[in-house]
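S.K.: whatever this is, show me its structure:
(one chain, ligands or ions: 2)
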Amino acid sequence: MRIAVLGAGAWGTALAIAFAGRHTVSLWARDAMRVDEMARQRENRRYLPACAFPDAVQVTADLRAALAGADLAIVAAPLAGLRPLLQQLKTLAPVLPFLWVCKGLEAGSGLLPHQVVAEVMGKAVCGVLTGPSFALEVARGLPTAITLVATDAAFAEAMAQSLHGGNLRIYANQDLIGAEVGGAVKNVLAIATGICDGLGLGLNARAALITRGLAEITRFGEALGARRETFMGLAGMGDLILTCTGDLSRNRRVGLLLAEGKALEDISRELGHVAEGVPAAREVARRATELGIDMPITRAVAAVLDGCITPRVAVEQLMARDPTHE
Ligand SMILES: NC(=O)C1=CN([C@@H]2O[C@H](COP(=O)(O)OP(=O)(O)OC[C@H]3O[C@@H](n4cnc5c(N)ncnc54)[C@H](O)[C@@H]3O)[C@@H](O)[C@H]2O)C=CC1
Ligand SMILES: O=C(CO)COP(=O)(O)O
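M.R.: Ligands and ions are numbered 1, 2, ... in the order given. From the prediction side, this is the model:
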């Protein structure tokens, strides 16, 4: 296949490198200067250093050229860039099948990515690629299993089959709501776990947080129409475990730095990458309140990020809750 990867952050770059073994890839970035640099250096030093581009990766700042002759587009921008990028895709390649890879709930609207996709594109041949996958490990060819989710089962299976290979196992699934809720809320819980570990609260606390976090994900997801079993899979428990415990996680790092008492603006600067759990925390907390769902950990993270309470007070408040059934 000829694949156009739209967005050259860490994840778009890693996917371009991974798929170049079996496909031809054009990697589009919006910043022409960065594209020149990447073309010269044959790597993305800003977002994914020390991962060389295979010959089959071409880089371009021309979106029309990236899409020319493509069989598939992969929209690899953060959630904040999904809507504007889809609008361009709709103009330039209205019938091209596409996947998106961002995780979160859109700031302001609280929509899941597939709902943003439906608003912009209407009925389209498309799906989401998600699951436990640190960009650096995928770019290095380390074994990874992810899931390709689309309501059209035939498309999900055909795409999973085409993209599967090497050390990248791709499973097919049809539960868009479950997969996207898993991906959005695990980032919030990774911030919580970073806080917990940063405060030195121990391994018991970490296990409790991840487990009760999974209960929050499941309650929220089911209320939105997800299938419960999705949360036991790669896009649920798989990504939750990876992001909460893996030190490559940017969201976990946000939590660790919050526990050190750093301000959010300084943390964002230091990170130099998106941490989707930051905007997602507020949106998930708001939607949960609207739906009448109890999500105490998510609420605590949102309050810390909004500067309403300190990380330590958040933990005290969580521990002071009345006992309840598991
Ligand atoms: N890095 C990872 O390991 C993984 C990331 N993801 C998800 O993929 C998405 C992208 O993440 P990364 O590439 O890691 O982020 P990143 O922070 O490494 O790079 C972000 C890229 O998007 C561009 N960008 C920022 N705002 C934009 C906008 N409004 N419109 C268009 N482009 C914009 C930046 O210039 C940069 O190239 C996120 O939703 C993330 O949660 C999913 C799985 C793994
Ligand atoms: O989504 C990811 C892994 O599946 C990446 O997590 P972070 O954005 O926290 O680095």
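
S.K.: does the strand or helix carrying Leu240 come close to ligand 2?
M.R.: Per DSSP states H and E: Leu240 is located in helix 239-245. Yes - using C-beta under 6 Å from any ligand atom, helix 239-245 reaches ligand 2 at 239, 242-243. For every residue, glycine as well, the C-beta is placed using N, CA and C.

S.K.: pLDDT weak spots in the stretch 1-150 of the chain?
M.R.: Of all residues in the stretch 1-150 of the chain, none has pLDDT under 70.

S.K.: any chance you could map the helices in the stretch 1-150 of the chain?
M.R.: Using DSSP state H, counting those that start in this stretch, the helices found in the stretch 1-150 of the chain span residues 10-19, 32-41, 63-67, 79-92, 113-121, 135-139.

S.K.: can you give me the strands for the stretch 151-300 of the chain?
M.R.: Applying DSSP state E, counting those that start in this stretch to the stretch 151-300 of the chain gives strands spanning 168-173.

S.K.: up against ligand 1, what does it have?
M.R.: The stretch 151-300 of the chain comes close to ligand 1 at residues 273-274, 276, as judged by C-beta under 6 Å from any ligand atom.

S.K.: and of these, the nearest to ligand 2?
M.R.: Glu276 (6.1 Å; C-beta to the nearest ligand atom).

S.K.: that closest one and Asn251 touch, don't they?
M.R.: Yes - applying C-beta atoms under 8 Å as the test, Glu276 and Asn251 come out as touching, 7.1 Å apart.

S.K.: what number of residues lie near the residue of the stretch 201-326 of the chain found nearest ligand 1?
M.R.: Closest residue of the stretch 201-326 of the chain to ligand 1, C-beta to the nearest ligand atom: His273 (3.3 Å). Here the number of neighbours of His273 (other C-beta atoms under 10 Å) works out to 16.

S.K.: residue contacts, it?
M.R.: 9-10, 47, 250 (C-beta atoms under 8 Å, 6 or more residues apart in numbering).

S.K.: who touches Thr310 in this structure?
M.R.: Counted by C-beta under 8 Å, 6+ apart, Thr310 has contacts Val304.

S.K.: for ligand 2, see how far away it is.
M.R.: 22 Å (C-beta to the nearest ligand atom, to the nearest Å).

S.K.: any idea how far the closest residue to ligand 1 within the stretch 51-200 of the chain is from Gln317?
M.R.: Among the residues of the stretch 51-200 of the chain, Gly81 lies closest to ligand 1, at 2.3 Å counting by C-beta to the nearest ligand atom. Using C-beta to C-beta, to the nearest Å, one gets 35 Å for the distance from Gly81 to Gln317.
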